[in-house]
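A.B. asks: generate coordinates for the sequence data below:
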Amino acid sequence: MIELELFDRARVVLRHCALLEAGDQVLILSDGTLSPRILNAFATAAHADGARACRMTYDPRTYIPMKHFCTFAGMSLDPSPAEPPAPVRGSLRDADVIVLLTSDLTLYFSRALKEALALSKRMVSSIYITEENLLRLFPESEQEVIELDELTHAVGSACEAGGNVRFTSPAGTDFECTLGQYGLKCSGGRIRKATPGAVTRFLPEFIPGGQVTRVPDDGSAHGRIVLNRSIAAREYRELTEPIYLDVEKGYVREISGGWEARDLKRFLEEMGGGEMYHITEIGLGTNRRCVRCGVAAPAEDTHMAGSVTFALGCDVHIGGSTRAPAHIDCTTHQGNLHVGGVEIVREGKILIDAPTSANPWRGKR
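C.D. replies: Model (predicted):
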């Protein structure tokens with residue numbers, strides 16, 4: 001029975017997220033860390049829709065477990081170990097659709113992957129996913145795929161102009177920054193056909209999708225952030241008590257709270273301090289399937305609908321200019337977010353509606 005359920009979800013992802021067509025050459029790339037039944041489900045689904053699938057498993061030079069997920073961004077500073085074996089590079093170049101089912105995060109900084117994306121390959125990716133979390137988090141229908149993508153891009157459009165950001169919460173957050181220096185990134189979980197003249201975005205579409213992010217303008221972040229949901233420092237986990245970050249001119253100047261705050265300070269110093277204290281990203285999750293903390297992280301934590309997220313440290317991999325050995329995602333809940341004078345989130349609820357009329361998630365908060 002579980003094989004059939006996995007097949008159904010894989011078929012939805014291939015058809016409606018990766019835009020699979022009959023006759024496509026599909027590469028299902030694995031590093032041996034995900035369930036073989038997941039790989040079989042994608043291969044069978046591709047074959048059922050008239051495509052030709054090739055499963056390829058390779059041994060990565062560097063393996064970053066989920067516990068140490070935050071360190072993967074440091075690979076962007078020196079991506080030389082990221083290149084996969086030559087047969088993988090050739091397969092990435094020749095495939096029409098690429099499904100990355102790996103935990104090899106170094107691959108995302110490789111020339112081979114960037115070259116494949118520059119050739120307009122349709123690429124979807126899911127990291128650290130288990131069978132249980134796949135069935136809980138992957139979309140069940142075309143309508144669900146479209147709704148999430150359109151909601152995410154509607155939120156992105158509301159944030160596109162940038163301007164002043166104000167984030168407050170009952171927990172005590174009172175934070176401001178400005179947006180506009182760096183570009184907006186939307187991950188709606190569905191590949192969109194590139195418009196003529198558009199700049200290629202060197203990222204695959206992640207499944208489950210559902211996040212809008214942007215790097216704050218240099219030196220603009222200030223105020224207090226209260227982290228009260230999850231953090232990826234040392235390991236991705238749900239917080240047991242709040243962490244208080246006092247921010248000035250784009251950097252955390254003071255960290256307070258209990259043992260988790262003290263552990264965060266130790267970890268930042270272990271990572272070299274300095275640029276690790278930089279407020280490097282602000283984002284918003286849009287996926288209402290994502291509800292748990294630290295379970296299917298990082299696929300779930302930062303994608304929870306209505307959760308405002310922050311990151312500390314490196315941002316060159318997302319279009320910023322801060323070079324650091326780690327990128328620490330942090331999430332909050334029950335916040336209020338205004339961007340450019342537009343109220344985006346109130347008490348953890350997204351106020352922007354997707355443009356489609358039939359929303360299967362409407363009213364499910």
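A.B. asks: from now on I want contacts and neighbour counts done on CA atoms only, so please keep to that.
C.D. replies: Noted.
A.B. asks: so where's the stretch 151-300 of the chain uncertain?
C.D. replies: 193-203 (pLDDT under 70).
A.B. asks: can you give me the strands in it?
C.D. replies: All strands of the stretch 151-300 of the chain, identified by DSSP state E, counting those that start in this stretch, fall at 163-168, 174-179, 184-187, 205-206, 211-214, 222-227, 230-231, 237-238, 243-248, 251-257, 279-285.
A.B. asks: which one of those lies closest to Ser120?
C.D. replies: Ser120 sits nearest to strand 205-206 of all these, at 12.3 Å, using CA to CA.
A.B. asks: hmm, who's touching that closest one?
C.D. replies: Contacts to strand 205-206, defined as CA atoms under 8 Å, 6 or more residues apart in numbering, come from residues Met123, Val124, Ser125, Ser126, Ser187, Gly188, Gly189, Arg190, Ile191.
A.B. asks: run the last query once more with 10 Å
C.D. replies: Strand 205-206 is contacted from outside by 17-18, 99-100, 122-127, 186-192, 299, using CA atoms under 10 Å, 6 or more residues apart in numbering.
A.B. asks: restricted to buried residues, select these in PyMOL.
C.D. replies: Buried residues among the contacts of strand 205-206 (16 or more other CA atoms under 10 Å), as a PyMOL selection:
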select buried, resi 17+18+99+100+122+123+124+125+126+127+186+187+188+189+190+191+299
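A.B. asks: next, the buried residues of stretch 60-74.
C.D. replies: For stretch 60-74, by 16+ other CA under 10 Å, it's Pro60, Tyr63, Pro65, Met66, Lys67, Phe69, Cys70, Thr71, Phe72, Ala73, Gly74.
A.B. asks: and that stretch, how far out from the chain middle?
C.D. replies: 15 Å (CA atoms, centre = their mean, to the nearest Å).
A.B. asks: can I get that stretch in PDB? Just the C-alpha atoms.
C.D. replies: Extracted in PDB, the C-alpha atoms of stretch 60-74 (Å, rounded to 0.1, in the frame of the first residue of the first chain):
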ATOM      1  CA  PRO A  60      29.400  12.400  -2.400                       C
ATOM      2  CA  ARG A  61      32.800  13.700  -1.400                       C
ATOM      3  CA  THR A  62      31.300  15.500   1.500                       C
ATOM      4  CA  TYR A  63      28.200  14.400   3.400                       C
ATOM      5  CA  ILE A  64      26.400  17.000   5.700                       C
ATOM      6  CA  PRO A  65      23.700  15.300   7.900                       C
ATOM      7  CA  MET A  66      20.600  17.200   8.800                       C
ATOM      8  CA  LYS A  67      22.000  17.800  12.300                       C
ATOM      9  CA  HIS A  68      24.700  20.000  10.700                       C
ATOM     10  CA  PHE A  69      22.500  21.500   8.000                       C
ATOM     11  CA  CYS A  70      23.500  25.000   8.800                       C
ATOM     12  CA  THR A  71      27.100  24.500   7.700                       C
ATOM     13  CA  PHE A  72      26.200  23.700   4.100                       C
ATOM     14  CA  ALA A  73      26.200  27.400   3.100                       C
ATOM     15  CA  GLY A  74      29.900  27.600   4.000                       C
END
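A.B. asks: for that stretch, what is the average pLDDT?
C.D. replies: Mean pLDDT, computed over stretch 60-74, is 86.
A.B. asks: that's a helix at Glu343, yeah?
C.D. replies: No. Glu343: not assigned to a helix; according to DSSP: H, G, I helix; E, B strand; the rest coil it is strand.
A.B. asks: excluding sequence neighbours, find me the nearest residue to it.
C.D. replies: Take Glu343 and drop its neighbours on the chain: the residue closest to it by CA to CA, 6 or more residues apart in numbering is Leu337, 6.1 Å away.
A.B. asks: for the one you found, pull up the helix or strand it's in.
C.D. replies: Element membership for Leu337, per DSSP states H and E: strand 336-339.
A.B. asks: kindly report the same for Pro139.
C.D. replies: Pro139 belongs to no helix or strand, assigned by DSSP H and E.
A.B. asks: which residues does it contact?
C.D. replies: By CA under 10 Å, 6+ apart, the neighbours of Pro139 are 8-10, 12-13, 16-17, 145-146, 148, 189, 207-209, 289.
A.B. asks: and which of those is nearest Ala311?
C.D. replies: Closest to Ala311 out of the contacts of Pro139 is Gly209 (18.1 Å), distances taken as CA to CA.
A.B. asks: tell me how many other residues crowd Arg37.
C.D. replies: 14 (other CA atoms under 10 Å).
A.B. asks: quick one: pLDDT of it?
C.D. replies: pLDDT, Arg37: 96.
A.B. asks: can I see the domain layout of this protein?
C.D. replies: Using automatic domain parsing, the domain parsing of the chain gives 2-137, 142-350.
A.B. asks: could you export the strands of the stretch 151-300 of the chain as CSV, including distance to Pro81?
C.D. replies: Below are those laid out as CSV (distance: least, CA to CA, whole Å):
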stretch, distance to Pro81
strand 163-168, 38
strand 174-179, 33
strand 184-187, 26
strand 205-206, 23
strand 211-214, 27
strand 222-227, 34
strand 230-231, 27
strand 237-238, 28
strand 243-248, 34
strand 251-257, 30
strand 279-285, 25
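A.B. asks: nearest to Arg37, out of those?
C.D. replies: That would be strand 205-206 among the strands of the stretch 151-300 of the chain, by CA to CA, at 19.6 Å.
A.B. asks: parallel or antiparallel, list what pairs with the closest one.
C.D. replies: strand 122-127 (parallel) (DSSP bridges).
A.B. asks: how far does the partner strand sit from the chain's center?
C.D. replies: The answer for strand 122-127 is 11 Å, by CA atoms, centre = their mean.
A.B. asks: go through the next helix or strand after it and flag the buried ones.
C.D. replies: Later in the chain than strand 122-127, the nearest helix or strand by DSSP H and E is helix 131-137. By 16+ other CA under 10 Å, the buried positions in helix 131-137 come out as Glu131, Leu134, Leu135, Leu137.
A.B. asks: many thanks, we can stop here.
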